[in-house]
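Asks: Would you be able to build a 3D model of this:
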Amino acid sequence: MPEDVTARDLHPSARNELKTLSKENAERVARHLAMASRLIDEDPQLAHEHALAASRSAGRIAIVRETLGITAYATEDFALALRELRTYRRISGNDDQIALMVDSERGIGRPDRALETGRAVDRTSLATPVRVALAIAMSGARLDQGDLELALGELEIPELDPDRAFDWSPALFAARAAVLEDLGRTEEAEFWMKRAEVAAEALGIDEAGDEEIFVEDHLIEDEDEDDTAGDDADDADDAADAADAADADDADDAADADDADDAADADDAADAADADDAADADDAADAADAADVDADADTASTDAVVDDAADSDVPGDGAAEPSVEDEVRELLGEDDDAQAAEDQEDDSAGDGQSA
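Replies: Prediction:
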């Protein structure tokens with residue numbers, strides 16, 4: 001174990017899984033896992049030995065069993081790889097190593113079991129790199145069975161786009177080229193092999209010379225950068241025009257709404273005025289009717305008084321009809337005064353005769 005290798009060389013998420021171990025044991029296991037990760041490409045056998053050492057000290061940790069399965073696969077010990085990867089899936093509940101499990105079944109010589117293993121998972125739940133790796137493994141299992149057309153069909157996935165490339169694209173393009181070559185479709189095989197080379201080069205520095213390729217967020221496209229910038233500018237202009245049009249429409253809508261509100265207010269005011277006028281007219285009519293009724297009542301009362309007066313002045317049978325002067329004196333009360341004077345004189349004459 002090199003002295004410069006420490007636990008901090010292991011990825012933080014992997015170190016986090018070792019917290020259940022003692023401090024000394026976690027340190028030792030972490031260093032073995034870090035060495036396995038460092039050596040997996042250049043010396044798979046030595047990496048596998050470090051993974052075995054880690055598993056002897058922490059056999060119930062998911063990351064340890066996963067590392068052991070990967071190093072076993074790298075050394076072509078497919079039976080051990082399948083066993084360890086199954087254990088890892090049981091402990092962690094993850095299917096992110098399903099492609100290696102399918103390939104391990106192929107390595108054992110069981111393509112039927114490989115296809116069953118691949119079909120047992122929900123591909124929509126897998127991350128894109130895992131889904132692509134599984135498609136390549138399933139295609140290989142079809143090739144093992146001799147079904148070339150079905151092998152090509154396994155690679156017909158949405159990620160198969162010759163004009164766009166990600167980290168997993170070179171392997172996908174190369175797998176399709178290999179199947180096409182087995183089918184005798186040489187020209188198509190050459191096309192896809194070329195695309196695999198271009199994608200691989202685009203992940204670093206372009207050396208093809210005849211194509212301009214740029215990388216942005218692991219996205220590679222065979223388009224001129226200036227054209228792309230022009231398209232982006234056009235899209236921005238279109239978006240700005242659409243925004244302006246939307247603002248103008250909103251302003252028109254707001255103006256229409258204000259006009260509608262004003263018209264509604266005017267209608268309400270007119271209705272209120274009409275209602276007030278109608279109420280005033282009704283009140284005037286009621287007052288006129290009341291005045292007419294009072295006038296009728298006064299007229300009737302006056303008529304009744306006149307009738308009563310006429311009835312009281314009507315002479316009885318055989319009585320002389322009074323003259324106009326008598327009626328005037330009666331109204332002025334002169335008759336009553338004259339009669340009283342006459343009665344007084346009579347009383348005085350009677351008193352004298354008695355004496």
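Asks: give the contact list for the closest residue to residue 25 other than its chain neighbours.
Replies: In space, and not counting its chain neighbours, residue 25 is closest to residue 57: 5.7 Å by C-beta to C-beta, 6 or more residues apart in numbering. In this view, the C-beta of every residue, glycine as well, is placed from N, C-alpha and C. Counting by C-beta atoms under 8 Å, 6 or more residues apart in numbering, residue 57 touches 21, 25, 28, 29, 32.
Asks: ranges for the helices of the stretch 51-200 of the chain?
Replies: When assigned using DSSP state H, counting those that start in this stretch, the helices of the stretch 51-200 of the chain occupy the ranges 62-74, 78-92, 98-108, 111-119, 128-145, 148-154, 169-182, 186-202.
Asks: what's the angle from the second one to helix 62-74?
Replies: Same thing as helix 78-92. On the basis of axes from the mean of the first three to the mean of the last three C-alpha atoms, to 10 degrees, helix 78-92 is oriented at 160 degrees to helix 62-74.
Asks: pLDDT score assigned to residue 202?
Replies: At residue 202 the predicted local confidence, pLDDT, stands at 85.
Asks: One more: residue 93?
Replies: Note on residue 93: pLDDT of 93.
Asks: okay, now it: neighbour count?
Replies: Residue 93: 8 surrounding residues under other C-beta atoms under 10 Å.
Asks: What's the local residue count around residue 127?
Replies: By other C-beta under 10 Å, the residues close to residue 127 number 10.
Asks: Oh, that last question was meant for residue 163, not what I typed.
Replies: By other C-beta under 10 Å, the residues close to residue 163 number 9.
Asks: about what we covered before: columns secondary structure and neighbour count on top of the contacts of residue 57, output as TSV?
Replies: Listed next are those as TSV, based on DSSP: H, G, I helix; E, B strand; the rest coil; neighbours: other C-beta atoms under 10 Å:
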residue	secondary structure	neighbour count
21	coil	18
25	helix	13
28	helix	19
29	helix	26
32	helix	25
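Asks: Which member of those is positioned nearest residue 166?
Replies: residue 32 (31.8 Å; C-beta to C-beta).
Asks: Can you tell me the closest non-neighbouring residue to the closest one?
Replies: Among residues not flanking residue 32 along the chain, residue 54 sits closest, at 3.9 Å (C-beta to C-beta, 6+ apart).
Asks: could you dump the helices of the stretch 51-200 of the chain to a markdown table with distance to residue 47 and mean neighbour count?
Replies: What follows is the helices of the stretch 51-200 of the chain, written out as a markdown table (distance: least, C-beta to C-beta, whole Å; neighbours: other C-beta atoms under 10 Å):
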| stretch | distance to residue 47 | mean neighbour count |
| --- | --- | --- |
| helix 62-74 | 5 | 24 |
| helix 78-92 | 13 | 19 |
| helix 98-108 | 15 | 23 |
| helix 111-119 | 25 | 18 |
| helix 128-145 | 20 | 21 |
| helix 148-154 | 30 | 17 |
| helix 169-182 | 21 | 21 |
| helix 186-202 | 24 | 17 |
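Asks: just so I know, which of those helices lies nearest residue 15?
Replies: Minimum separation from residue 15 across the helices of the stretch 51-200 of the chain (C-beta to C-beta) falls at helix 62-74, 9.0 Å.
Asks: ok so, going back, if I look at the residue nearest to residue 25, how far off is residue 50?
Replies: Note on residue 57: its distance to residue 50, by C-beta to C-beta, to the nearest Å, is 11 Å.
Asks: which intervals of the protein have sub-threshold pLDDT?
Replies: Across the chain, the ranges flagged by pLDDT under 70 are 205-355.
Asks: So which of the helices of the stretch 51-200 of the chain is nearest residue 5?
Replies: Closest approach to residue 5 among those (C-beta to C-beta): helix 62-74, 14.8 Å.
Asks: which residues are in contact with the closest one?
Replies: For helix 62-74, contacts defined as C-beta under 8 Å, 6+ apart pick out 14, 17-18, 29, 33, 36-37, 40, 44, 47-48, 50-52, 54-55, 58-59, 78, 80-85, 87-88, 91-92, 97, 100, 103-104, 107.
Asks: before we move on, the earlier item: report the set of residues contacting both of residue 57 and residue 50.
Replies: residue 32.
Asks: sorry, back to before: residue 33 versus the residue nearest to residue 25, what's the distance?
Replies: Taking C-beta to C-beta as the measure, residue 57 and residue 33 are separated by 11 Å.
Asks: go on, residue 39?
Replies: Residue 39 is 11 Å from residue 33, where distance means C-beta to C-beta.
Asks: Neighbour count for those two, which is higher?
Replies: Between residue 39 and residue 33, residue 33 has the larger neighbour count (other C-beta under 10 Å), namely 31 against 19.
Asks: Correct me if wrong, but that one is in a strand.
Replies: No: applying DSSP: H, G, I helix; E, B strand; the rest coil, one finds residue 33 to be helix, outside a strand.
Asks: is it true that it touches residue 47?
Replies: No: using C-beta atoms under 8 Å, residue 33 is not in contact with residue 47, being 9.9 Å away.
Asks: hmm, back to that, show the contacting residues for the residue nearest to residue 32.
Replies: Shown in contact with residue 54 (C-beta under 8 Å, 6+ apart): 29, 32, 33, 36, 64, 67, 68.
Asks: ok, 6 Å please
Replies: 29, 32, 33, 64 (C-beta atoms under 6 Å, 6 or more residues apart in numbering).
Asks: out of these, what pair is the most spread apart?
Replies: 32 and 64 (8.7 Å).
Asks: State the number of residues packed around residue 95.
Replies: By the measure other C-beta under 10 Å, the count of residues near residue 95 is 18.
Asks: Give me the spatial nearest neighbour of it, chain neighbours excluded.
Replies: That would be residue 121: by C-beta to C-beta, 6+ apart, it lies 5.0 Å from residue 95.
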